[in-house]
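Trainee: just the structure for this:
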Amino acid sequence: MAEINTSVNTSGKELYGYQKDALQEIFRRFKDAPKDYHLLYQLPTGGGKTVIFSEIVRRYLETFKKKVLVLTHRIELSKQTSKMLKEFGVANKIINSTAKLDDQEDFSCFVAMVETLKNRLNDDKLDISDIGLVIVDEAHYNSFTKIFKFFDEAFVLGVTATPLSSNIKLPMYENYQELFVGESIQHLIDNEYLASANLYSYNVGLTSLEVGANGDYTVKSSEDLYTNSDMLSKLVSAYEETAKGKKTLIFNNGINTSIQVFHAFKKAGYPIAHLDNTNTKSERELILKWFKKTPNAIITSVSILTTGFDEPTIEAIILNRATKSLTLYYQMIGRGSRVLNNKSTFDVIDLGNNFHRFGPWGADLDWQKMFRAPDYYLNAILSDEDIESTFRYELTADVKKEFAKSTDTYFDMKKVYIDTVRQGESSKRVLEKSIVHHAKMCIENSEDVFDALILAKLLGEEIDDRINRYAKCISKSTHNFVTWLKDDYRKKLNAYLRANFDEDFEEIHGHPPIEE
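Mentor: Next comes the predicted model:
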């Protein structure tokens, strides 16, 4: 490989120090490599991968007499990449389904989506004999492998924030000989290139979710969970507790969920817009323009803004979904990590137990090990049951206010079950003890039985949590049985309050209820 020109970039785009270092290292690794060498480069979302590979293209064309191809997986990314290349002084041609190729000899750089390119190559309408460098953006999608066979005489540079294949059956090491790890998220935060994340996690029962053929949770099972009234209420409450008044982006798994989220926030009086892949280009542009100029705007979306969307004014990200994809997890949170003059931090609200599954965003992950042995990493991810077994249910802030006089609101269902069974008592006694505990909480914060019955209704979500834990203890978890238990528990709690309120009130407060 020839010596690379390291002269000052005259395009007006100045690279940061770590970006220049990465560029030099990438060229160094290509220097003595064979012509068909495949190198994978990892850099966090927001680190400027497009800037780096645009400068790589500029210098490569300046140094060699060969052409460059940049591959993307979405048309929006093709357009953004083409624009960035032009900012670096690189004239380029987008190869889409309508592009005429009679002028291809006038260009040394092409930008294409993989499917479109494959069709053009199969039709033999694009001359690729002189392409010496292929750059693959968002390389983890691994849909690009089908066209690698056409470029056995070219260097291939894949770039990604997470070197873990989206297809578990096609690991990255099968397509790339080497991984070059760039700067860590923490390093970029410490040097003020990225904003740091304030993480807030709300425990959610996810055992009803099903995993599809792609290894992630199915849209249908996610929609069933995240469109129920309890989850929508939890979402709005979480926003009000942490992100109220902040420019917020909400990610969902399913269009119907996003629409229900839109209506829930609209009803609560918050400025919100819904965006999915059925919106027209003009609708999308209008919504994003409104989002940019409105300080407290909220967008609820369905993964469409995980890549190729750069809005530094975002102050809060809400993960209103669960995912088993580390890449998606990092992409969603990364949308809030862009720095701004008056912004050095942003909030992340997790309603999918994703923090428990993957660890905090920016944790020190061993990317090399993940690249070499992805199965080892994937098998180490905790199951939802393992995650939820460690949860300690906490009342929401608004409900907790109603039980301010109670000092003991936690009931360890598993421990009480074990102790009860060891004492030779029936497992039904566990629920009876739980009902007495809930009744005590209601009576401690009431003046009369009517107040207590109203408070009992506020405990619905915690009752469900206790019953779910009880069902696991007795190994009976059919949906109908658990549903019946939850309904029966509520009836027995109300009956207990009516029958025992006066007596328990006097025992708790030291005097009988005061009659008006």
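Trainee: hang on, Ile147 in a helix?
Mentor: Yes. Assignment of Ile147 by DSSP: H, G, I helix; E, B strand; the rest coil places it within a helix.
Trainee: need the contact list for it.
Mentor: Residues near Ile147 by Cβ atoms under 8 Å, 6 or more residues apart in numbering: 71, 114, 117-118, 121. C-betas here are computed from N, CA, C, even on glycine.
Trainee: and Ile168, how far is that from Thr218?
Mentor: Applying Cβ to Cβ, to the nearest Å, the value for Ile168 to Thr218 is 16 Å.
Trainee: the more surrounded of these two?
Mentor: More neighbours sit around Thr218 than around the other of Ile168 and Thr218, counting by other Cβ atoms under 10 Å; the figures are 16 against 13.
Trainee: quick revisit: which among the contacts of Ile147 count as buried?
Mentor: Neighbour-count burial (16 or more other Cβ atoms under 10 Å) applied to those gives 71, 114, 117-118, 121.
Trainee: which single one of those residues is nearest to Ala154?
Mentor: Taking Cβ to Cβ as the measure, Leu71 is the one of the buried ones among the contacts of Ile147 closest to Ala154, at 11.6 Å.
Trainee: what pLDDT is listed against the closest one?
Mentor: Note on Leu71: pLDDT of 90.
Trainee: ok, and the closest non-adjacent residue to it?
Mentor: Spatial nearest neighbour of Leu71, excluding adjacent residues (Cβ to Cβ, 6 or more residues apart in numbering): Val136 at 4.9 Å.
Trainee: does that neighbour touch His73 like I think?
Mentor: No. Judged on Cβ atoms under 8 Å, Val136 makes no contact with His73 at a distance of 9.2 Å.
Trainee: what do the two both touch?
Mentor: Counting by Cβ under 8 Å, 6+ apart, the shared contacts of Val136 and His73 are Phe144.
Trainee: quick one: which of these two has more around it?
Mentor: With other Cβ under 10 Å as the criterion, Val136 and His73 differ in neighbour count, and Val136 comes out ahead with 30 against 21.
Trainee: contact partners for that one?
Mentor: Neighbouring residues of Val136 by Cβ under 8 Å, 6+ apart: 71, 144, 156-159.
Trainee: same question, Gly362
Mentor: Taking Cβ under 8 Å, 6+ apart as the criterion, Gly362 is in contact with 184-186, 189, 196-197.
Trainee: in strands, which of these appear?
Mentor: Where the contacts of Gly362 overlap with strands, as defined by DSSP state E, the overlap consists of 196-197.
Trainee: which of the contacts of Gly362 are buried?
Mentor: Among the contacts of Gly362, those classed as buried by 16+ other Cβ under 10 Å are 184-185, 189, 196-197.
Trainee: ok, the contacts of Gly362 vs Gly47, which is closest?
Mentor: Sorting those by distance to Gly47 puts Ile185 at the head of the list, at 8.4 Å, by Cβ to Cβ.
Trainee: which residue comes closest to that closest one once chain neighbours are left out?
Mentor: Once flanking residues are discounted, Ile185 sits nearest to Gly362: 3.9 Å by Cβ to Cβ, 6+ apart.
Trainee: quick check on the one you found: phi, psi?
Mentor: Here the main-chain torsion angles of Gly362 (degrees, to the nearest 10) amount to phi 90, psi 0.
Trainee: pLDDT wise, what is Ile147 at?
Mentor: In the prediction, the pLDDT value recorded for Ile147 is 81.
Trainee: and His274, helix, strand or coil?
Mentor: At His274, secondary structure determined by three-state DSSP is strand.
Trainee: who's it bridged to?
Mentor: Legend: beta-bridge partners of His274 under DSSP bridges are Thr300.
Trainee: contacts only, for it.
Mentor: His274 makes contact with 258-259, 261-262, 299-301, according to Cβ under 8 Å, 6+ apart.
Trainee: ok, it to Ile287 distance?
Mentor: Plainly put, His274 is 8 Å away from Ile287 if you go by Cβ to Cβ.
Trainee: who touches both of these two?
Mentor: The contact sets of His274 and Ile287 overlap at Ile299 (Cβ under 8 Å, 6+ apart).
Trainee: coming back round to it: got the contacts of Gly362 as TSV, with pLDDT columns?
Mentor: As requested, the contacts of Gly362 are exported to TSV (pLDDT from 0 to 100):
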residue	pLDDT
Ser184	93
Ile185	94
Gln186	93
Ile189	93
Ser196	94
Ala197	94
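Trainee: turn the contacts of Gly362 into TSV, including distance to Phe151.
Mentor: As requested, these are exported to TSV (distance: Cβ to Cβ, whole Å):
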residue	distance to Phe151
Ser184	31
Ile185	32
Gln186	36
Ile189	37
Ser196	40
Ala197	38
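Trainee: out of the contacts of Gly362, which is nearest to Glu62?
Mentor: Ser184 (30.6 Å).
Trainee: for the closest one, what are its contacts?
Mentor: By Cβ under 8 Å, 6+ apart, the contact set of Ser184 is 44, 362, 364.
Trainee: go again with 7 Å.
Mentor: Asp364 (Cβ atoms under 7 Å, 6 or more residues apart in numbering).
Trainee: what of Asn96?
Mentor: If a contact means Cβ under 7 Å, 6+ apart, then Asn96 has 75, 116 as its contacts.
Trainee: so what pLDDT did it get?
Mentor: At Asn96, the pLDDT value in this model is 77.
Trainee: tell me how far it lies from Ser82.
Mentor: When distances are taken as Cβ to Cβ, Asn96 and Ser82 turn out to be 10 Å apart.
Trainee: ok, Leu249 next?
Mentor: Between Leu249 and Ser82 the distance is 25 Å, computed by Cβ to Cβ.
Trainee: again with Thr207
Mentor: 45 Å.
Trainee: who's more crowded, those two?
Mentor: Ser82 (19 against 13).
Trainee: the more buried one against Ala91, yeah?
Mentor: No. Counting by Cβ atoms under 7 Å, Ser82 does not reach Ala91; the two are 9.9 Å apart.
Trainee: strands of the stretch 151-300 of the chain, residue ranges please.
Mentor: Ranges of strands within the stretch 151-300 of the chain are 155-160, 178-181, 196-201, 248-251, 272-275, 298-301, based on DSSP state E, counting those that start in this stretch.
Trainee: ok, which of those strands comes nearest Lys324?
Mentor: Shortest separation from Lys324 across the strands of the stretch 151-300 of the chain is recorded for strand 248-251, at 14.5 Å, computed as Cβ to Cβ.
Trainee: the closest one pairs with which strands?
Mentor: In the sheet containing strand 248-251, the strands it pairs with under DSSP bridges are strand 298-301 (parallel), strand 316-319 (parallel).
Trainee: looking only at pLDDT, what's the mean for the last one?
Mentor: Right, the one you point to is strand 316-319. When the per-residue pLDDT values of strand 316-319 are averaged, the result is 96.
Trainee: chain center to that strand: distance?
Mentor: Going by Cα atoms, centre = their mean, to the nearest Å, the spacing between the C-alpha centre of strand 316-319 and its chain's C-alpha centre is 8 Å.
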